[in-house]
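Trainee: Please find the sequence and the predicted model below.
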Amino acid sequence: MKEILIISNYYPPEKGAAANRIEQLALKLHQNNYKVSVLCPLGNYPKGELFPEYKGKFSVTENRDNIIVKRLWIYPSVSKNLIVRILSVLSFSMSLFFYLLFKKTPKKVVVQSPPLLLSFISIFVLSLKNKKIILNISDLWPLAAIELKALKKGSLSHKFSLFLERFIYKKSTLIIGQSNEIITHVKSLFPNKKCYLYRNFPDHKVENFDLKFEENQPIKIFYAGLLGIAQGVLELCEKIDFNSLENDKIELHIFGDGAEKSEIEALISSKKQHKIFFHGMMERKDLHETLKTFDIAIVPLKTRIYGSVPSKIFEYGALGFPILYFGGGEGESIVEENKMGWVASVEDYTELNNKIQLISKTSKLELFGMKERIFRESQINFNLDLQMKSLINEDVF
């Protein structure tokens, strides 16, 4: 049995798309006869504090669904204080550096990027040990940080990040990227680098369409995921216009946790947006059960981020939900080409509200027909098993 190690900053029981994405990769490799291990921090995301089962521990080794998970020490934090955040990143960076330097690791290693510093440290040590390094890029940093205004272009931090970025691309054996834009960007820097498209397709194991039809109910739009700066869910709640709709035709339901949670709850409590409902964080299985009576998944981004394709497009498409996409970039093309729903130009709330007006005139029966078609087509178009087998046949892993 071939061995492979995955290095990631996130892994379940942590929540969010990043943890789910890496777990799916690990499980699929295992199903294809790989002995898989994962190296990650002690569980702390998204709250920035260690989960109860990891408190007081320096490292923990677990077996999760036949995946050996080695968790290393971290000083966790989601503080807005830059010094505290840097200390948090450096704490796991040092744990990772010494582990990779002195511990035996498999010949093949998948390194998740971002975070840039962690992927840099991993690739620096692994290249010294002559490993096959498979760099898995889910977002382009520092480019995304510039677009999100989290980093100032031309600053010392930006120049340092560019150095880290070029180093990890150069030293990787090959690269897998979640979007064509990521691959185009890497090729612009290193034209001869082997690159492969690896979409963040879900693996729900849902073989039969089981969403429910409710005729005499409002159209329920939902957002489920991280409530962070990049998603812009707070601004969405502030600027979405339900008041101009006739009757109570549409509701917005929010599931998740993150930096904007308190402000979203305060906005809803103020009753300025009485058609928005907040449900907090739910386990993935429970969430999917709850959503069976819902109608449309909204996928927003604060700004257009080059290279980023939200995995929610594939996740909720595979369950059969039409998508209201509000994020720009390659995601727009995927929704439009697969006839998955509606697209509004990123940051254009006038267009978004026009699309909601259009949706309000759609009957529940029409929506149900869309759901059935999207579910069937997603089983073919967003098939993780076929994608994985293709990459294995090309000797990526």
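Mentor: Cool, got the structure. Numbers count the residues shown, from 1 in each chain.
Trainee: Lys132 contacts Val109, correct?
Mentor: Yes - counting by CB atoms under 8 Å, Val109 is a contact partner of Lys132 at 7.0 Å. C-beta: built from backbone N, CA, C; applies to glycine.
Trainee: Between those two, tell me which one has more neighbours.
Mentor: Val109 (25 against 17; other CB atoms under 10 Å).
Trainee: element containing that one, please.
Mentor: Val109 belongs to strand 108-113 when assigned by DSSP states H and E.
Trainee: Which strands and helices lie in contact with that strand?
Mentor: Packed against strand 108-113 by the contact rule (3 or more CB pairs under 8 Å, 6 or more residues apart in numbering; DSSP states H and E) you find strand 2-7, helix 17-31, helix 116-128, strand 132-137.
Trainee: Least reliable of the ones you listed by average pLDDT, please.
Mentor: Lowest mean pLDDT of the helices and strands packed on strand 108-113: helix 17-31, a mean of 92.
Trainee: how big is the angle separating it from strand 2-7?
Mentor: 170 degrees (axes from the mean of the first three to the mean of the last three CA atoms, to 10 degrees).
Trainee: Buried ones in helix 17-31, by neighbour count?
Mentor: For helix 17-31, a neighbour-count test (16 or more other CB atoms under 10 Å) marks 17-30 as buried.
Trainee: Not counting its own residues, what contacts the longest helix seen in the chain?
Mentor: Counting residues, the longest helix in the chain under DSSP state H turns out to be helix 82-102. Residues from elsewhere that reach helix 82-102 (CB atoms under 8 Å, 6 or more residues apart in numbering): 7, 9, 39, 41, 48, 59, 70, 72-77, 79, 115, 117-118, 121-122, 125-126, 129.
Trainee: repeat that with 6 Å
Mentor: Residues from elsewhere that reach helix 82-102 (CB atoms under 6 Å, 6 or more residues apart in numbering): 41, 72-75, 77, 117, 121, 125.
Trainee: Most neighbours among these, which one is it?
Mentor: That'd be Pro41 among the contacts of helix 82-102, by other CB under 10 Å, with 26 neighbours.
Trainee: quick revisit: would you list the contacts of helix 82-102 in CSV and tack on distance to Glu366?
Mentor: Shown next, in CSV, are the contacts of helix 82-102 (distance: CB to CB, whole Å):
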residue, distance to Glu366
Pro41, 46
Leu72, 51
Trp73, 53
Ile74, 49
Tyr75, 52
Ser77, 47
Leu117, 49
Ile121, 52
Val125, 55
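Trainee: Low-confidence ranges, the chain, go.
Mentor: 80, 82, 204-205, 245-248, 272 (pLDDT under 70).
Trainee: Would you map out the domains in it?
Mentor: Domain ranges of the chain: 2-201+383-393, 219-381, per automatic domain parsing.
Trainee: Distance to Leu211 for those - can I get that in TSV?
Mentor: What follows is the domains of the chain, written out as TSV (distance: least, CB to CB, whole Å):
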stretch	distance to Leu211
domain 2-201+383-393	19
domain 219-381	5
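Trainee: and Glu207, which of those is closest to it?
Mentor: domain 219-381 (8.3 Å; CB to CB).
Trainee: Sketch out the helices for the protein, chain order is fine.
Mentor: 17-31, 82-102, 116-128, 143-147, 156-171, 180-189, 233-239, 261-269, 284-290, 312-319, 330-337, 349-360, 364-381, 384-393.
Trainee: Pick the most buried one from these.
Mentor: helix 312-319 (a mean of 24; mean count of other CB atoms under 10 Å).
Trainee: so what secondary structure elements neighbour that helix?
Mentor: Under the contact definition 3 or more CB pairs under 6 Å, 6 or more residues apart in numbering; DSSP states H and E, helix 312-319 sits against strand 296-300, helix 364-381.
Trainee: and the angle from that helix to strand 296-300?
Mentor: 170 degrees.
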